[in-house]
Every structure is written in C-alpha cells, then in structure tokens.
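Enquirer: need a 3D model of the following:
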Amino acid sequence: MELVLEKVNKLKGNIFVPGDKSISHRSLILGSIAQGETRVYNLLNSLDCQSTLECMQSLGVKIDLDINNSVHIEGKGLYGLQEPKIILDVGNSGTSIRLLTGLLSGQNFYSVLNGDNSIRKRPMKRVVQPLRLMGADIWGREEGHFAPLSIKGNKLNHFQYTLPVASAQVKSALLLAGLYTSGETVIREPLSTRDHTERMLEIMRADIKISSSEIKIKGGKELRSTDIFIPGDISSAAYFLAAAGLIRNSKITINQVGVNPTRTGIIEIFKKMGTKIDILNYQIQSNEPRADLIVECSKLKGVGIKKESIPFLIDELPLIAVIATQAYGKTLVSGARELRVKESDRIQAIVSELKKMGADIHEKEDGFMVNGPTRLKGAVCESYNDHRIAMSLAVAALLAEGKTVIRNSECINISFPRFEKILQDLIDW
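Expert: Model (predicted):
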C-alpha cells in the first residue's frame, strides 16, 4: 500500500486521536490478572494492541472488545492464567513481548513468545538477564538475546536492580515479575521513563511505593479490578501538532490528550523551538492527566536535545527531524542510540528519507544533525515498515513541493489506524 500526499495550504479543525498505546497494552495485561471485571474505555484498537489482546485470550482470559473500542475483561487474578496451547505471537509489538516475558516468568507453566521479523531482531537481553537473576528460566536465540523466547515459569525471587538502560518496557516487565515474588523488589532507573505501569498498579491497589529514585513493589497481593479511561495518545497527537505548527495559517485543537509528565517532552521541545501550544481543560482520570491542546503555525528555531531528554520523547524523534528541516539554525540530537533498535534503525531511516526530500540532515552514531530551514521536495520514500517513520514522512509531505509517495504505509495501522482519515479531515485546500 502507498500513501500519496501533496503540499497543503493550511490545517483547520477540532479532532480526537486514538487512545494511548502504552496505556492500552497495560490495561489489557493488568486487567487480565486483576480480580473481578475491568472495563477499559477508548482502547487503541491497533495491530500492536490486538496482539496483546490475543495473547491474553490465549492465556485463558475472556476479553470482549465492542465497536466503540470499549473492552470488558474478566480478570483471572494473579494465579489464574492458563498454559497456552499455541505459541504467543506478538506481531510487531516490542511492548507486548517484553511485558509478557516478565508476566510469564512468574507463572507455573511453559510458554513461547515470538513475533515478526522485526521483533526477532529486537534486543531481549536487557529484559531476559534481570529476569534470570530473579530465578526465571528463559531460553532464546543467542543465549536469550533474541526471540523466539521459551519461558518455564518459576517461583521468583525479589531483588534490587538498577536498569543499565532507561527503558519503560524493561521496568514494567520487572514490576510484573515482582508481583509473583514473596518479598519486595526494588527497581532504580538511570533516567526517568514513562510511568503508566506504576500509575495503573496504584489504582489497582498493588503494594507499590514510588519515589523519584526508586520503585518498590511487594509480591503476592491480588490486584483489584477497576474502570480505566484511556486518554488520547500524545505520540499520535504529535504528528498533527507538528503539521499545524509548520503549515502557514494553520490552527487545530486536539481534545483529551494524555499529558503525563513522563510523555510531554515533545510538547516542551515544540515550545522550545517556538511552537505556540495552549493547554486547556486539564484533568486527571484513571490516575492519568489529560487536556485539550491548541496549536497554531509559528516561526521555529533549532535546538539541542541531549541524552537526559531522550526517554521523554523517544517515539517522537523522527518527527523532530522533520520539524528541524523548517526551523532556523541547527538542531542536534545526541544520546539517542536506542533509536537504532526500534522497529527500524530510525536514525538511518529518517536521515535517508529526508535527504531524498532535500533536507540538510546528517547521521550521527547516537542521533542526527539538521540545518534549517530547507525547502523540501516530493519524493518516493520508504517507510521501512515502521509506523513512526511513515507518519513522520507524511508530515514532511505536507510541506514538500510536488507529490510524495510513502511505500508500505499500511504499517501505520500498528499504532494509528485512522491516521490518514483524520489528516484528510484537517486539510483546508
């Protein structure tokens, strides 16, 4: 499938974006091991989240999804999951395979996790190694560095662990494993990462203590079911914020977007670059903050983004490269080596494709440098089967002279099935 776009005059409108992907994954997993019925509203019905849902169903959990993306989960409790009769297929979802590895390590049965070709290249040692220290029996390719992973559940030991790499997925996997220990597990991070797992564990009454330096969780306590209201995904909203901030005479409103402080790095960078964004109607629901975002076109300037900021905007960095092509001066991103082991090598991918469009962009080992502004031109671009690369290039296409073709654009459905429809609704020719 190809997405074909041309330069537009302006964007106008009032929109909602789909539910937050990170929170959707966690609601399906934690709702499945809570006691009682959990109802989830505004679940992201994307390919990634569908993979998590189907894996939980294969573990014996009854989950019903209706046409309004509301979900009813009949929780099995901590110890009610069943041995799957099939290999658990996570598709393209790195969140699914890492979180489920933590969950399955504490079960009393055997299971196998696998995914697509991209997943089989993603580094798993960072989650397998600490889980083995807890007593998990995990096998995989190259000593467990890569999927598929075979897991024989064990009684796990509590431990203290400092993450060598800031990763919300690894942290969440260890918190899930910590639910199955007989003591207190302590996890420390080198840099703060998104905290959706901790917030959801709090409202499900886990025995968890959270501070700026560490997270402590005691195992053995059953989770309580709850209603979970998922805000719009700020990572999805970012593409429209960027486009409206770049295209002359544009102004849009995005309603009920999640503004969790561990996810709003992209808003702070936008503002630092000069984008005019207003935050209205702030509220907290299901322990997650949300608000309406209003953005309009602004004159932008280049910025420096260093390692300490990367965890707060890791998903949006390819988009920042696009924005930087229209900003005055130099934008330098460093400390982002993690981008090379995502769904694609996102550093190489975004640099390569933006160069095709005429950008003055240069690849660095741990990031990229962009000199702007430059006039972009339409080109035939590759998505690398990476949803974030495809959507970032779509924003670039709206600015470029001529026609841009984005190949294999169906990968956008991994996180944002209605992306093209919402974009077309905003275009004011």
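Enquirer: contacts and neighbour counts: CA atoms only from here.
Expert: Noted.
Enquirer: could you measure from residue 231 over to residue 276?
Expert: Distance, residue 231 to residue 276, using Cα to Cα, to the nearest Å: 22 Å.
Enquirer: the two - which one has more neighbours?
Expert: Each of residue 231 and residue 276 has its neighbours counted (other Cα atoms under 10 Å); residue 231 has more, 31 against 20.
Enquirer: pretty sure that one contacts residue 257?
Expert: Yes. Look at residue 231 against residue 257 with Cα atoms under 8 Å: they come within range, at 5.4 Å.
Enquirer: anything in contact with each of these two?
Expert: Both residue 231 and residue 257 are contacted by residue 290, under the criterion Cα atoms under 8 Å, 6 or more residues apart in numbering.
Enquirer: list the buried ones in stretch 279-298?
Expert: 279, 287-298 (16 or more other Cα atoms under 10 Å).
Enquirer: low-scoring stretches of this protein, by residue?
Expert: When residues are selected by pLDDT under 70, those of the chain lie in 429.
Enquirer: residue ranges for the strands of the stretch 301-429 of the chain, please.
Expert: 304-305, 329-333, 360-364, 367-372, 380-382, 403-407, 427-428 (DSSP state E, counting those that start in this stretch).
Enquirer: nearest to residue 143, out of those strands?
Expert: strand 367-372 (29.2 Å; Cα to Cα).
Enquirer: for the closest one, packing partners?
Expert: helix 317-324, strand 329-333, helix 346-356, strand 360-364 (3 or more Cα pairs under 8 Å, 6 or more residues apart in numbering; DSSP states H and E).
Enquirer: quick one, that strand and helix 346-356 angle?
Expert: When axes from the mean of the first three to the mean of the last three Cα atoms, to 10 degrees is applied, the directions of strand 367-372 and helix 346-356 differ by 20 degrees.
Enquirer: ranges for the helices of the protein?
Expert: For the chain, the helices defined by DSSP state H cover 21-33, 47-58, 94-105, 125-133, 141-144, 168-178, 196-203, 234-246, 265-273, 317-324, 346-356, 387-399, 419-426.
Enquirer: now the end-to-end length of stretch 363-375.
Expert: Per Cα to Cα, stretch 363-375 runs 19 Å from first to last residue.
Enquirer: that stretch: which residues count as buried?
Expert: Neighbour counts over stretch 363-375 (16+ other Cα under 10 Å) mark 363, 364, 367, 368, 369, 370, 371, 372, 373, 374 as buried.
Enquirer: re earlier: TSV for the buried residues of stretch 279-298, including distance to residue 152?
Expert: Converted to TSV, the buried residues of stretch 279-298 look like this (distance: Cα to Cα, whole Å):
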residue	distance to residue 152
279	47
287	34
288	34
289	38
290	40
291	43
292	45
293	46
294	49
295	50
296	53
297	54
298	55
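Enquirer: now, which of those lie within strands?
Expert: 279, 288, 289, 290, 291, 292, 293, 294, 295, 296 (DSSP state E).
Enquirer: residue 211: which of these is nearest?
Expert: Of these, the one sitting nearest to residue 211 (Cα to Cα) turns out to be residue 288, at 17.1 Å.
Enquirer: can you give me the distance of that closest one to residue 282?
Expert: 11 Å.
Enquirer: same check, this time on residue 7
Expert: In terms of Cα to Cα, residue 7 sits 34 Å off from residue 282.
Enquirer: also residue 49?
Expert: 27 Å.
Enquirer: likewise residue 323?
Expert: Residue 323 sits at a distance of 26 Å from residue 282 (criterion: Cα to Cα).
Enquirer: contacts only, for residue 323.
Expert: 242, 246.
Enquirer: of the strands of the stretch 301-429 of the chain, which stretch is the most buried?
Expert: strand 367-372 (a mean of 23; mean count of other Cα atoms under 10 Å).
Enquirer: that one: partners in the sheet, and parallel or antiparallel?
Expert: Paired strands of strand 367-372, with direction, are strand 329-333 (antiparallel), strand 360-364 (antiparallel) (DSSP bridges).
Enquirer: gap between the last one and the chain center?
Expert: What that stands for is strand 360-364. Distance, stretch centre to chain centre, for strand 360-364: 25 Å (Cα atoms, centre = their mean, to the nearest Å).
Enquirer: do the first one as well
Expert: Relative to the chain's own centre, strand 329-333 is displaced by 24 Å; criterion: Cα atoms, centre = their mean.
Enquirer: residue 272 contacts residue 299, correct?
Expert: No. Counting by Cα under 8 Å, residue 299 is not a contact partner of residue 272; they are 11.4 Å apart.
Enquirer: how near is residue 423 to residue 34?
Expert: Residue 423 is 38 Å from residue 34, by Cα to Cα.
Enquirer: which of these two has more neighbours?
Expert: Neighbour comparison, residue 423 and residue 34: the larger count goes to residue 34, with 26 against 16 (by other Cα under 10 Å).
Enquirer: what sits against the more buried one?
Expert: Residue 34 touches 75, 76, 77, 78, 204, 222, 223, 224, 225, counting by Cα under 8 Å, 6+ apart.
Enquirer: quick one: the first one from residue 176, how far?
Expert: So that's residue 75. 15 Å.
Enquirer: if we can go back for a sec, save the strands of the stretch 301-429 of the chain as JSON lines, and put in distance to residue 21 too.
Expert: What follows is these, written out as JSON lines (distance: least, Cα to Cα, whole Å):
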{"stretch": "strand 304-305", "distance to residue 21": "24"}
{"stretch": "strand 329-333", "distance to residue 21": "25"}
{"stretch": "strand 360-364", "distance to residue 21": "29"}
{"stretch": "strand 367-372", "distance to residue 21": "25"}
{"stretch": "strand 380-382", "distance to residue 21": "24"}
{"stretch": "strand 403-407", "distance to residue 21": "23"}
{"stretch": "strand 427-428", "distance to residue 21": "25"}
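Enquirer: closest one to residue 189 among these?
Expert: strand 304-305 (19.9 Å).
Enquirer: and for that closest one, what are the contacting residues?
Expert: Under Cα under 8 Å, 6+ apart, the answer for strand 304-305 is 330, 331, 332, 333, 334.
Enquirer: about what we covered before: using a markdown table, lay out the buried residues of stretch 363-375 together with distance to residue 163.
Expert: Below are the buried residues of stretch 363-375 laid out as a markdown table (distance: Cα to Cα, whole Å):
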| residue | distance to residue 163 |
| --- | --- |
| 363 | 27 |
| 364 | 25 |
| 367 | 22 |
| 368 | 25 |
| 369 | 28 |
| 370 | 31 |
| 371 | 35 |
| 372 | 36 |
| 373 | 39 |
| 374 | 40 |
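Enquirer: show me which of those is closest to residue 400.
Expert: Nearest member of the buried residues of stretch 363-375 to residue 400, counting by Cα to Cα, is residue 374, at 10.0 Å.
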